[in-house]
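Q: Here's my sequence, what's the structure:
(one chain, ligands or ions: 1)
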Amino acid sequence: MAIATINPATGKTVKTFEELSEAELQQKISLAYDRWRSYRTTSFAERAERMRAAADLFEKEADLAADLMATEMGKTVAAAHAEAVKCAYGMRYYADHAAEFLADEPLADPSAVGAKRALGRYQPLGPVLAVMPWNFPMWQVMRFAAPALMAGNVGLLKHASNVPQCALYLQDVFRRAGFPDGCFQTLLISSRRVESILRDPRVVAATLTGSEPAGRSVAAICGDEVKHTVLELGGSDPFVVMPSADLERAAATAVEARVQNNGQSCIAAKRFIVHADVFDAFTEKFVARMRELKVGDPFEASTDVGPVATEQGRADIEELVEDAVSAGATVLCGGRRADGPGWFYPPTVITDITGDMRIHLEEVFGPVASLYRADGIDQALEIANATTFGLGSNAWTNDEAEQERFIADLDAGQVFINGKTVSYPELPFGGIKRSGYGRELSAHGIREFCNLKTVWIG
Ligand code: NAP
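A: Below is the predicted model of the structure:
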């Protein structure tokens, strides 16, 4: 894919970018490695001061950052503004907590291991490559960069090819916040050059957020090189509604959960599994709300749903919907693209889905909801877990025994009861199965790229 800003609301190319030459890439990797050797010895206080300065810049420039996001990938400007503010919050969170999360862990009774003193100490690993997606172009990067830099690592960013201005802006924010050159660098390169970076001995680990094929490729190379990886991949999150749920709130939240970020969120609820007793009532409310959404220009304040980020992304959605419809699925709303420029796709609800349809098996990365009927909690769980993914999950019920059952039996990295899956700096974030492995955010996220060194003093 060419490295370019192409406005998804118009389909027009706004700006194109040259890839780094091989010599420039090598220079940046050398700079990262050399910088790490001094940066790793800086104190938490020094790092935190710069991280807070970066958070201040983000907040002050939230309008500018929002403009870049909306132009490059089409999210509504209100959502983009909220993303910039959330980045500032996440940066301050790690500025405030890194020292506590990475404090020495002394053994209470060192004599048990024949020592005077024994402890675990967290140390940074070195330059880490982050391969990032376009859907949350600032927040996804931040949840890697803030903990990684606070831990004393340095970051190399290979961002998605359709968000180069966001990628360059991020580098610029860290530089202006006072991080020394080389602490955080954006690499404008295509994905085929990722392998050479992963095989470079100066780069010690990698994190990838993106699709399953991309994750598999990076993990295979890092496996071969015996380098640590974190993978945050796709999801097809279930959203189960049981009879005791508040249906009005469930339906309103279901709509938000499906169409957030124009339907392109890994933790968007994608499969709605509704108990037969409330299926008709829920469906009526859900479909009515999906129909009311205003699709349009992401810069208009009244827009609920902007365009799909890429032309290929919209074609993929259309293929999944057409495959289902041709095999007998029923479209309750949407289901057909609007004429005109831009890569818009309407909020869509599909039901009568069977196990052999592609829409049942694959992630739909757009505002399309799959609706299933379940006869009871066992069947609801069976449908919910019938996916290769295991990222987020949502269940709506006011029955405490049912809540416990969902917490115990939903196969996912996260379960939200009477809500929708959301990422917070305070909560661990990650998946199981083909949604990936490792955790971001919270104390777990900062420890991923640290060496937990065992210290024994006799
Ligand atoms: P993608 O095509 O996998 O791209 C993600 C990143 O990987 C981009 O920087 C891309 O670069 C790069 N890439 C692609 N193929 C690669 C390869 N073979 N080797 C190395 N790098 C490669 O995914 P996307 O379409 O941008 O993002 C959508 C996917 O991300 C969805 O599946 C979504 O669920 C997932 N996602 C997951 C999370 C999570 O936290 N679990 C969060 C957000 C999104 P180019 O752009 O240059 O191709």
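Q: Tell me where the stretch 51-200 of the chain is predicted with low confidence.
A: Nowhere does the stretch 51-200 of the chain drop to pLDDT under 70.
Q: Which residues of it lie near the ligand?
A: Residues of the stretch 51-200 of the chain lying near the ligand by C-beta under 6 Å from any ligand atom: 131-135, 140, 158-161, 190-191, 194. (Each C-beta comes from the backbone N, C-alpha and C, glycine too.)
Q: what's the spacing between the closest residue to G334 other than its chain neighbours and R258?
A: Spatially, and ignoring its direct neighbours in sequence, G334 is nearest to T348 (3.1 Å; C-beta to C-beta, 6 or more residues apart in numbering). Applying C-beta to C-beta, to the nearest Å, the value for T348 to R258 is 9 Å.
Q: which residues are common contacts for those two?
A: Residues touching both T348 and R258 (C-beta atoms under 8 Å, 6 or more residues apart in numbering) are M290, P367, V368, A369.
Q: who are the neighbours in contact with the residue nearest to the first one when sequence neighbours are not counted?
A: In space, M290 comes closest to P347 once its chain neighbours are excluded; the distance is 4.3 Å by C-beta to C-beta, 6+ apart. Each residue near P347 by C-beta under 8 Å, 6+ apart is listed here: 255, 258-259, 263, 290-291, 293, 295, 305, 333-334, 367-369.
Q: re earlier: among T348 and R258, which residue is more densely surrounded?
A: Neighbour totals were compared for T348 and R258, and R258 leads with 31 against 23 (other C-beta atoms under 10 Å).
Q: Give me the pLDDT value at that one.
A: We have a pLDDT of 98 for R258.
Q: Isn't W396 up against V240?
A: Yes - W396 lies in contact with V240 (C-beta atoms under 8 Å); the separation is 6.6 Å.
Q: Can you verify N451 is assigned to a helix?
A: No - under DSSP: H, G, I helix; E, B strand; the rest coil, N451 falls outside any helix and is assigned strand.
Q: Report how many residues lie close to it.
A: Count around N451 with other C-beta under 10 Å applied: 14.
Q: again with R216
A: That count, for R216 with other C-beta under 10 Å as the rule, works out to 14.
Q: Quick check: it vs the ligand, distance?
A: 8 Å (C-beta to the nearest ligand atom, to the nearest Å).
Q: Run through the residues that contact that residue.
A: Counted by C-beta under 8 Å, 6+ apart, R216 has zero contacts.
Q: is it true that it lies in a strand?
A: No - under three-state DSSP, R216 sits outside any strand and is assigned helix.
Q: starting at the chain centroid, how far to stretch 357-377?
A: Chain-centre distance of stretch 357-377: 20 Å, with C-alpha atoms, centre = their mean, to the nearest Å.
Q: Please spell out which residues along it are buried.
A: 357, 359-360, 362-374, 377 (16 or more other C-beta atoms under 10 Å).
Q: could you give me the average pLDDT of that stretch?
A: Rounded mean pLDDT across stretch 357-377 is 97.
Q: hey, C-alpha coordinates of that stretch in PDB?
A: Output of stretch 357-377 as PDB, limited to C-alpha atoms (Å, rounded to 0.1, in the frame of the first residue of the first chain):
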ATOM      1  CA  MET A 357     -21.800 -18.300   6.300                       C
ATOM      2  CA  ARG A 358     -18.600 -16.200   6.200                       C
ATOM      3  CA  ILE A 359     -20.200 -13.500   8.300                       C
ATOM      4  CA  HIS A 360     -20.600 -16.100  11.100                       C
ATOM      5  CA  LEU A 361     -16.900 -17.000  11.000                       C
ATOM      6  CA  GLU A 362     -15.100 -13.800  10.100                       C
ATOM      7  CA  GLU A 363     -14.700 -10.400  11.700                       C
ATOM      8  CA  VAL A 364     -16.800  -7.700  10.000                       C
ATOM      9  CA  PHE A 365     -14.900  -4.400  10.200                       C
ATOM     10  CA  GLY A 366     -17.700  -2.000   9.600                       C
ATOM     11  CA  PRO A 367     -21.100  -1.000  11.000                       C
ATOM     12  CA  VAL A 368     -22.800  -4.400  10.400                       C
ATOM     13  CA  ALA A 369     -24.400  -6.200  13.300                       C
ATOM     14  CA  SER A 370     -25.100 -10.000  13.200                       C
ATOM     15  CA  LEU A 371     -28.200 -10.900  15.200                       C
ATOM     16  CA  TYR A 372     -28.800 -14.400  16.700                       C
ATOM     17  CA  ARG A 373     -31.600 -15.900  18.700                       C
ATOM     18  CA  ALA A 374     -30.800 -18.200  21.700                       C
ATOM     19  CA  ASP A 375     -33.200 -20.400  23.600                       C
ATOM     20  CA  GLY A 376     -31.300 -20.100  26.900                       C
ATOM     21  CA  ILE A 377     -28.000 -19.300  28.600                       C
END
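Q: Great, nothing more from me.
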